[in-house]
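1. quick one, fold the following:
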Amino acid sequence: MSQYFLLKRLKTFALYIFVMLVIPLGCSYQNIVYEQPRILDRTGRYYVPRPIPMDPENFKSDCRLVKNINIVNEDDSSKTKTSRIGQYTHKWDVDLQNWSETASNLVRSEFKKRGVAVTDKASTVLKLSVTRAELVWKFWKIRSMLTLRVTTGSGYAAGYDVVNESIDLYDSVDGAVTKAVTAMFLDKNILNYLMPTIDTDGDGVYDCSDKCPETLEGLAVNSRGCPLDSDGDGVFDYQDQCPGTPMGVKVDSKGCPLVLDSDGDGVFDDRDECPGTPKGAQVNEKGCWIIPDVLFHYDKYDIRPQYSINIDKVIAVLQTNPSLKITLEGHTDYLGSEAYNDRLSIRRANVVMQYMIHKGIASNRLSAVGFGFSRPKTPDRSDAGRAVNRRTEFKLVP
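-> Take a look at the predicted model:
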């Protein structure tokens with residue numbers, strides 16, 4: 001029985017602490033939060049937001065804006081909306097007409113900054129109206145939710161729902177209006193209405209963005225309204241007599257390189273370390289013919305299938321250049337006697353030469369020579385190094 005009475009006394013004491021301390025603290029906290037002094041409008045009943053200037057980066061365009069505009073507050077009669085800040089707090093009255101006027105004033109000031117005259121006689125019209133304004137109390141911040149409705153003189157209409165949060169009630173409200181106006185200026189349909197859409201040369205790019213306003217009819221253009229320049233040499237394709245010029249090469253008014261490529265290998269003479277490259281030959285960045293060696297197994301001189309392709313490429317160049325002559329040079333690794341390697345190396349050169357003759361190359365355009373191990377490609381005596389040295393090389397005859 002004594003335990004029962006003790007438990008009952010504890011419950012009574014806890015309730016007393018809650019009533020005497022927690023509730024008063026909570027009430028005083030609410031009073032501190034919501035009784036913030038602020039200048040109200042002339043009626044003394046409603047707070048009217050202040051127009052905060054927009055970030056200039058949110059209203060930029062290459063196109064010129066209209067010369068004058070009419071900004072209309074679409075709320076022609078006073079309207080109020082009651083909104084509750086929090087579930088257990090007081091209500092907040094919103095004068096939507098005055099809020100719409102704040103948004104209208106902000107839009108007017110942004111246009112004036114950009115040299116646009118604001119007048120009620122302008123044919124370009126924007127009608128603005130704030131149709132919703134609500135607050136949500138959060139623990140550390142106050143969230144303002146606002147809807148701005150905009151209608152253009154052309155009939156386009158849109159609503160912009162924004163949310164802004166701040167620890168200060170009024171900063172939250174003011175910022176919401178600016179966010180809504182910013183959202184309007186980011187709307188492409190609004191921007192298109194505010195900017196003249198004239199395309200004098202008919203290339204599909206409006207004059208305000210056209211960097212080449214006198215483009216000839218029928219020419220394909222880029223996003224700037226200029227004729228295409230596929231090789232990027234500064235000469236338009238329809239004027240370029242040397243299309244495909246490598247990037248960075250200086251050209252004349254016809255789009256042709258000022259520095260020649262005498263052998264036509266794609267490497268200009270000022271960078272070509274191997275001038276006179278045969279026509280059709282594949283070259284490296286230095287302009288030299290890339291001719292892979294034909295490699296052989298140890299102590300063998302038969303052509304391995306994967307190297308037939310390399311020989312066929314050389315044959316194709318010889319067929320394109322009838323006066324071209326080639327010397328086949330055979331080599332071995334260091335294993336074996338000098339005499340044996342000399343014989344093996346000439347066999348390796350001869351087998352490649354016979355393959356080429358069989359493919360239609362005249363014998364008087366080919367010669368074969370063996371060097372044994374006297375001219376190794378690498379001094380490496382490992383298995384990998386020896387494999388590279390067992391080869392036949394192609395050499396142009398001057």
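2. alpha carbons only for contacts and neighbour counts from here, please
-> Fine.
3. can you show me the strands along this structure?
-> 68-73, 80-84, 91-95, 117-118, 125-137, 142-152, 157-166, 294-295, 326-330, 366-370, 391-396 (DSSP state E).
4. could you dump these into a markdown table and include mean neighbour count and mean pLDDT?
-> Formatted as a markdown table, the strands of the chain follow (neighbours: other C-alpha atoms under 10 Å; pLDDT from 0 to 100):
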| stretch | mean neighbour count | mean pLDDT |
| --- | --- | --- |
| strand 68-73 | 20 | 90 |
| strand 80-84 | 14 | 57 |
| strand 91-95 | 17 | 69 |
| strand 117-118 | 18 | 91 |
| strand 125-137 | 21 | 87 |
| strand 142-152 | 21 | 90 |
| strand 157-166 | 18 | 94 |
| strand 294-295 | 24 | 94 |
| strand 326-330 | 23 | 95 |
| strand 366-370 | 19 | 95 |
| strand 391-396 | 19 | 93 |
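5. got the domain boundaries for the protein?
-> 56-194, 294-396 (automatic domain parsing).
6. TSV for those, including distance to A281?
-> TSV is the format used below for the domains of the chain (distance: least, C-alpha to C-alpha, whole Å):
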stretch	distance to A281
domain 56-194	49
domain 294-396	6
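7. select from these the stretch with the lowest mean pLDDT.
-> Lowest mean pLDDT within those: domain 56-194, a mean of 82.
8. quick check, L216 in contact with C226.
-> No. At 9.9 Å, L216 does not count as touching C226 under the criterion of C-alpha atoms under 8 Å.
9. of the two, who's got more company?
-> C226 (20 against 13; other C-alpha atoms under 10 Å).
10. got the contact list for the more buried one?
-> Residues counted as contacts of C226 (C-alpha atoms under 8 Å, 6 or more residues apart in numbering) are 210-212, 215.
11. same question, M247
-> 231-233.
12. nearest to G370, of those residues?
-> Nearest to G370 out of those is D231 (C-alpha to C-alpha; 47.2 Å).
13. tally of neighbours for that closest one?
-> 18.
14. how about it, nearest residue that isn't a chain neighbour?
-> G244 (5.2 Å; C-alpha to C-alpha, 6 or more residues apart in numbering).
15. check what pLDDT that neighbour gets.
-> Model confidence at G244 (pLDDT) stands at 85.
16. please apply the same query to Y4.
-> 55.
17. same deal with the one 3 residues further on?
-> Here, the pLDDT recorded for L7 equals 60.
18. likewise I17?
-> On the pLDDT scale, I17 gets 51.
19. which strand residues bridge V294?
-> Going by DSSP bridges, V294 is paired in beta bridges with T392.
20. my read is that E393 contacts G330, right?
-> Yes. The pair E393 and G330 qualifies as a contact (C-alpha under 8 Å) at a distance of 6.6 Å.
21. follow-up on the earlier one: the contacts of C226 in helices, which ones?
-> If you go by DSSP state H, those have nothing in helices.
22. out of those residues, who's nearest G159?
-> Using C-alpha to C-alpha, the contacts of C226 come closest to G159 at D210, 31.6 Å.
23. got the contact list for that closest one?
-> Counted by C-alpha under 8 Å, 6+ apart, D210 has contacts 224-226.
24. now it: how far from Y193?
-> Per C-alpha to C-alpha, to the nearest Å, D210 is found 18 Å from Y193.
25. how about P379?
-> Taking C-alpha to C-alpha, one finds P379 at 76 Å from Y193.
26. of the two, which one has the most company?
-> Shown here are P379 and Y193; by other C-alpha under 10 Å, Y193 has more neighbours (18 against 12).
27. just give me the longest helix of this structure.
-> helix 338-358.
28. what helices and strands are in contact with it?
-> Applying 3 or more C-alpha pairs under 8 Å, 6 or more residues apart in numbering; DSSP states H and E, we find helix 338-358 packed against helix 308-320, strand 326-330, strand 366-370, strand 391-396.
29. one more pass at 6 Å, please.
-> strand 326-330, strand 366-370 (3 or more C-alpha pairs under 6 Å, 6 or more residues apart in numbering; DSSP states H and E).
30. report the buried residues of it.
-> Residues 341-353, 355-357 are the ones in helix 338-358 that count as buried (16 or more other C-alpha atoms under 10 Å).
31. of the residues you listed, closest to E74?
-> Of all the buried residues of helix 338-358, E74 sits closest to M356, with 89.4 Å by C-alpha to C-alpha.
32. so who does the closest one touch?
-> Applying C-alpha atoms under 6 Å, 6 or more residues apart in numbering to M356 gives no contacts.
33. please redo it, this time with the cut-off set to 8 Å
-> Per C-alpha under 8 Å, 6+ apart, neighbours of M356: 311-312, 315.
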